[in-house]
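Participant: need coordinates for the below:
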Amino acid sequence: MSHEEAPAAAVGGAAVRPAPRALLDRLSSGAERAGRVTHTEHVPARPARHSPWPETVHPDLAAALAAAGIDRPWRHQAEAVARALDGESVVVATGTASGKSLCYLVPVLNALITPETAPEAAPAAGRAAARRARGTAGGTTGHPTATALYLAPTKALAADQLRAVKSLAGPLGPAAVRAVCYDGDTPPEERTWARRHANLLLTNPDMLHRSLLPGHRRWSSFLRSLRYVVVDECHVYRGVFGSHVAQVLRRLRRVCAHYGTEPAFLLASATTAEPAVSAERLTGVPVTEITEDWSPRGELVFALWEPPLTEGRGERGAPVRRTATAEAAELLTDLVGHGVRTVAFVRSRRGAELISVIAQEQLGRRDPALGRRVAAYRGGYLPEERRALERALHSGGLLGLAATNALELGVDVAGLDAVLLAGYPGTRASVWQQAGRAGRHRQGALAVLVARDDPLDTYLVHHPDALFRRPVESTVLDPANPYILAPHLCAAAAEVPLTGDGLALFGPSAAALAEKLAGRGLLRRRGTAWYWTRRERPAGLVDIRGSGGEQVQVVEEATGRLLGTVDQAAAHTAVHEGAVHLHQGRSYVVRHLDLAGHVALVEESSPPWSTWPRDTTEIGVLETEREIPWGEARLCFGSVQVTHQVVSYLRRRLVTGEVLGETRLDLPPRTLRTRAVWWTLTEDQLEAAGIGPELLPGALHAAEHAAIGMLPLFATCDRWDIGGVSTALHPDTLLPSVFVHDGHPGGAGFAERGFHTAREWLTATRDAIAACECDHGCPSCIQSPKCGNGNEPLHKRGAIRVLTALLRGSAPAPGTDRP
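Facilitator: Residues are numbered from 1 along each chain as shown. Predicted structure coming up:
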């Protein structure tokens with residue numbers, strides 16, 4: 001059964017759901033909360049539109065669907081299934097709870113019980129050639145068993161889909177559909193069974209990269225029969241991670257061609273701009289998009305919520321708002337206390353743990369049993385911890401959950417009444433994906449976006465049209481990034497020697513890059529093919545999630561117990577000495593970080609503060625690839641070298657966010673070659689704007705901070721994915737300059753997106769600063785939580801003048817119509 005269509009479960013024996021408007025009125029009532037709701041959006045209910053199943057759906061499968069209560073699909077499901085059965089690659093980009101899983105499960109299950117039906121209907125000559133290469137004939141008398149591969153970005157989603165498959169395929173018999181999850185938690189005996197017997201493998205891109213493709217000879221029978229590749233939640237594959245996955249999928253297509261198969265790709269996505277373009281960039285094959293959503297939807301009340309100013313003061317005496325974490329924890333406490341099933345989405349692991357701890361403590365004072373019905377769910381937990389939380393969610397044992405986006409991605413959470421978003425999640429697509437977790441069974445639902453004290457969140461809660469009236473973003477990825485492409489060419493050569501046709505799959509720059517890899521002794525050319533020269537597996541040399549290097553283990557010093565892991569790239573900021581680390585509701589303080597040994601030693605402690613790292617950055621221009629005049633100013637894009645060092649951390653009071661102190665750190669600098677967008681102004685422009693030498697550094701610095709904070713509105717990134725530098729006289733430009741750069745080797749496409757949307761991006765930046773009610777600058781406009789210079793110097797009015805002068809001569813960048 002499609003997991004979006006499972007019957008809603010009553011919680012605590014009560015099936016009555018409060019109206020979403022009444023929930024919001026309850027939350028916002030009282031003098032203390034007056035004025036915190038800045039905007040309320042009402043999304044009306046929508047009726048369903050149905051169509052019959054295509055005639056090519058096997059009668060046994062149609063009967064199983066009917067037995068699950070799915071007699072007629074919605075129109076978009078029927079269209080997607082028909083196209084998939086006809087051999088097309090398809091991306092379905094519709095709203096949450098629109099039954100996207102049926103769009104790929106029906107053709108997959110149909111193929112598993114009806115060999116050769118889908119390929120025979122396909123018009124593509126390539127499919128016929130692939131079938132002839134397998135030695136199969138026409139009709140349904142060809143290959144005896146088809147196989148399918150399902151890829152999910154998280155283990156939890158794959159496990160959830162396995163439950164959906166077993167529920168739907170039960171009437172078809174255990175021999176017909178032999179589905180199994182294959183991930184890092186799978187025991188060796190189950191892995192062996194999967195290789196020998198599975199015809200539906202549910203896994204993730206990491207296992208495809210590290211296990212299946214390097215060991216493809218052990219999977220030869222599965223790959224020879226591969227009919228469909230399902231890419232679920234494909235909007236997640238953006239930036240560095242998405243670019244790596246794009247190359248992994250090209251390696252998969254190449255290995256499949258080696259075995260004579262050419263599978264169709266079935267992709268499911270949240271609503272995004274130009275989903276076919278993004279899907280084609282991800283897979284490398286033509287894709288048909290289906291975007292019209294004909295599923296029913298219950299009423300949604302969506303509120304924008306701004307926490308109040310506190311009596312505390314931040315850096316330079318700036319006013320400080322109550323943190324989104326504390327505000328969301330209080331709202332979660334209120335909702336759970338009234339029996340309202342709620343998920344609070346938080347952007348960081350630390351935030352998820354903190355919200356759950358606060359809610360547990362506050363509820364526990366009322367009723368200890370109620371406090372135990374709240375938990376945190378995030379990445380980094382051990383497998384058995386994740387599984388226990390997922391079981392508690394499905395059984396209704398948990399009433400409230402604080403979760404990172406590990407839970408956003410399609411995992412079935414039936415019967416939720418409300419969703420809290422503790423901060424803007426980075427993209428409008430994620431906003432709707434998270435908000436759609438509530439009301440998944442056509443009942444009304446409440447969603448509340450609680451603003452953080454930063455420029456983007458503040459801008460959105462006061463400019464609701466930017467959230468509710470603008471189209472969702474396109475997915476940003478750059479598979480041709482040489483830092484990403486190079487290791488995948490090495491991995492591909494180790495899997496099957498690279499020839500001209502194989503190289504073409506990886507793009508026009510692949511041949512020249514292969515020559516460079518040969519010059520470094522990594523590849524060797526024999527005749528017309530390239531071979532891998534080393535003994536180790538090249539797939540083990542790259543982390544496709546972009547973190548790079550070995551994971552840092554977080555170990556309790558007193559017991560030696562492994563608490564979890566942290567990406568090496570995040571170790572400097574997440575587990576530096578003195579950092580507060582939260583795990584399963586308990587607080588630990590890092591006593592020692594051993595970067596060479598990849599271990600952080602912690603001890604249990606509960607200080608009344610959280611920690612925030614500060615860093616410094618220097619930047620040099622390596623190459624200016626594009627430059628356009630904005631009057632006397634210049635807007636540029638190109639390659640840069642960034643030297644980055646975490647230099648200190650702040651201690652902030654947990655509830656108020658008040659800065660308690662700063663501690664210096666002695667961590668080594670890190671060097672990064674990446675891509676940046678930058679702009680320069682002339683002395684004449686600055687003089688005309690009334691900005692003298694004494695104001696210039698603070699004005700540029702403030703504009704840089706605000707621009708970094710606003711770029712996620714235009715590129716699918718987080719402010720922690722990018723960085724910036726401002727200087728009154730840069731040695732390479734010889735002018736006052738502001739840089740915004742990608743935080744990943746070779747770039748991730750974010751700075752380039754900023755270049756192409758610069759006029760809109762920087763206009764919104766100026767407007768956000770001007771609209772802030774503070775006098776001299778605060779975290780809601782120009783102060784940055786990660787500034788290594790202690791947010792000194794900053795000049796709010798100077799930043800507005802700088803941006804106004806810059807934009808006066810602005811023009812659309814070339815290619816602004818590109819996704």
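Participant: so where's the stretch 201-350 of the chain uncertain?
Facilitator: The model of the stretch 201-350 of the chain has pLDDT under 70 over residues 315-316.
Participant: now the strands for it?
Facilitator: Ranges of strands in the stretch 201-350 of the chain, per DSSP state E, counting those that start in this stretch, are 226-231, 264-269, 288-290, 300-305, 309-313, 319-321, 342-346.
Participant: who touches the last one?
Facilitator: Contact with strand 342-346 is made by 325, 328-329, 331-332, 335-336, 352, 355, 399-405, 407-408, 413, 416-423, 425, 434, 437-438, as judged by C-beta atoms under 8 Å, 6 or more residues apart in numbering. Where you see a C-beta, it was placed from the backbone N, CA and C, and this is true even at glycine.
Participant: tell me, what residue is most central in this structure?
Facilitator: Nearest residue to the geometric centre of the chain (C-alpha atoms, centre = their mean): residue 236, 4.5 Å.
Participant: that one contacts residue 153, doesn't it?
Facilitator: Yes: the criterion here is C-beta atoms under 8 Å, and residue 236 meets it with residue 153 at 4.6 Å.
Participant: have a look at the chain and report its longest helix.
Facilitator: helix 239-258 (DSSP state H).
Participant: packing partners of that helix?
Facilitator: Here helix 239-258 touches helix 205-207, strand 226-231, helix 275-283, helix 482-495, going by 3 or more C-beta pairs under 8 Å, 6 or more residues apart in numbering; DSSP states H and E.
Participant: now with 6 Å?
Facilitator: helix 482-495 (3 or more C-beta pairs under 6 Å, 6 or more residues apart in numbering; DSSP states H and E).
Participant: for the record, mean pLDDT for the helix it packs on?
Facilitator: In this model, helix 482-495 carries a mean pLDDT of 93.
Participant: now the helices for the stretch 1-150 of the chain?
Facilitator: 20-28, 59-67, 75-85, 100-113, 117-121, 125-134 (DSSP state H, counting those that start in this stretch).
Participant: okay, the ones you listed, which one's buried deepest?
Facilitator: Ranked by mean neighbour count, the helices of the stretch 1-150 of the chain are led by helix 100-113 with a mean of 27 (mean count of other C-beta atoms under 10 Å).
Participant: contacts for that one, please.
Facilitator: 2-3, 57-58, 61, 77, 80-81, 84-85, 92, 118, 146, 148, 169, 176-177, 199, 227-228, 230, 266, 268 (C-beta atoms under 6 Å, 6 or more residues apart in numbering).
Participant: CA atoms of that helix as CSV?
Facilitator: Extracted in CSV, the C-alpha atoms of helix 100-113 (Å, rounded to 0.1, in the frame of the first residue of the first chain):
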residue,chain,number,x,y,z
LYS,A,100,4.3,9.5,-5.4
SER,A,101,5.4,6.2,-4.1
LEU,A,102,2.7,4.4,-6.2
CYS,A,103,4.0,6.1,-9.3
TYR,A,104,7.2,4.0,-9.1
LEU,A,105,6.0,1.0,-7.0
VAL,A,106,3.3,0.0,-9.5
PRO,A,107,5.6,-0.2,-12.6
VAL,A,108,8.3,-1.9,-10.5
LEU,A,109,6.0,-4.5,-9.1
ASN,A,110,4.4,-4.9,-12.5
ALA,A,111,7.8,-5.6,-14.0
LEU,A,112,8.7,-8.2,-11.3
ILE,A,113,5.6,-10.3,-12.0
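Participant: just how off-centre is it within its chain?
Facilitator: 26 Å (C-alpha atoms, centre = their mean, to the nearest Å).
Participant: helix 75-85 and that one, what's the angle between them?
Facilitator: For helix 100-113 against helix 75-85, the angle by axes from the mean of the first three to the mean of the last three C-alpha atoms, to 10 degrees is 30 degrees.
Participant: what's the neighbour count on the nearest residue to residue 289 once chain neighbours are set aside?
Facilitator: Leaving aside its chain neighbours, residue 289 sits nearest to residue 276 (3.7 Å; criterion: C-beta to C-beta, 6 or more residues apart in numbering). Other residues near residue 276 number 18, with proximity taken as other C-beta atoms under 10 Å.
Participant: now do residue 623
Facilitator: Residue 623: 9 neighbours (other C-beta under 10 Å).
Participant: in a strand, it, correct?
Facilitator: Yes: counting by DSSP: H, G, I helix; E, B strand; the rest coil, residue 623 is part of a strand.
Participant: what secondary structure does the closest residue to it other than its chain neighbours sit in?
Facilitator: Spatially, and ignoring its direct neighbours in sequence, residue 623 is nearest to residue 639 (4.5 Å; C-beta to C-beta, 6+ apart). Secondary structure, three-state DSSP: residue 639 is strand.
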